[in-house]
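1. Dropping a prediction and its sequence here:
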Amino acid sequence: QVQLVESGGGLVQPGSSLRLSCAASGGTFSSYAMGWFRQAPGKEREFVIGISWTGIISSADSAKGRFTISRDNAENTVYLQMNSLKPEDTAVYYCAARDKFLTTESKNYGYWGQGTQVTVSS
């Protein structure tokens, strides 16, 4: 059983940066694709960015040029670096894991963290 724990969320001003972490335990982290999703109040959960087990990265248009993802298989951790944050980035951010191959569909991920709140406001 894989357990995922996100951290690093908080309240920041527009234009700021934030790095989220997702620590995994159980399973074989290096064989998982890891995705970051977010859900704003009243909206559906949406894919932000993800990385496959081989390091292939896919990102939503909203993340391109501002967000990056990286993984440290030795530390069983995936990171989401968010730069130039905007108020519309405000959401609960979740990390998710599935076997090997990256997909943008949340229904294809079997393991989820509890989420971390990111609020971008002046």
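-> Yep, it's here. Residues are numbered from 1 along each chain as shown.
2. Which parts of the protein are helices?
-> Using DSSP state H, no helices are found in the chain.
3. Point to the residue nearest the middle of it.
-> residue 36 (2.3 Å; Cα atoms, centre = their mean).
4. these two touch, right, that one and residue 92?
-> No - between residue 36 and residue 92 there is no contact under Cβ atoms under 8 Å: 11.3 Å. C-beta: built from backbone N, CA, C; applies to glycine.
5. sorry, back to before: could you list every residue that touches the residue nearest to the centre of the chain?
-> Applying Cβ atoms under 8 Å, 6 or more residues apart in numbering to residue 36 gives the contacts 20, 22, 47-50, 67, 69, 78, 80, 93-96.
6. Redo those residues as CSV? Include distance to residue 2 and neighbour count.
-> Shown next, in CSV, are those (distance: Cβ to Cβ, whole Å; neighbours: other Cβ atoms under 10 Å):
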residue, distance to residue 2, neighbour count
20, 18, 24
22, 11, 26
47, 19, 21
48, 19, 24
49, 19, 26
50, 15, 27
67, 23, 21
69, 18, 23
78, 12, 29
80, 18, 27
93, 18, 23
94, 14, 23
95, 11, 30
96, 10, 25
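7. quick check, nearest of these to residue 121?
-> The shortest approach to residue 121 among those belongs to residue 93, at 15.6 Å (Cβ to Cβ).
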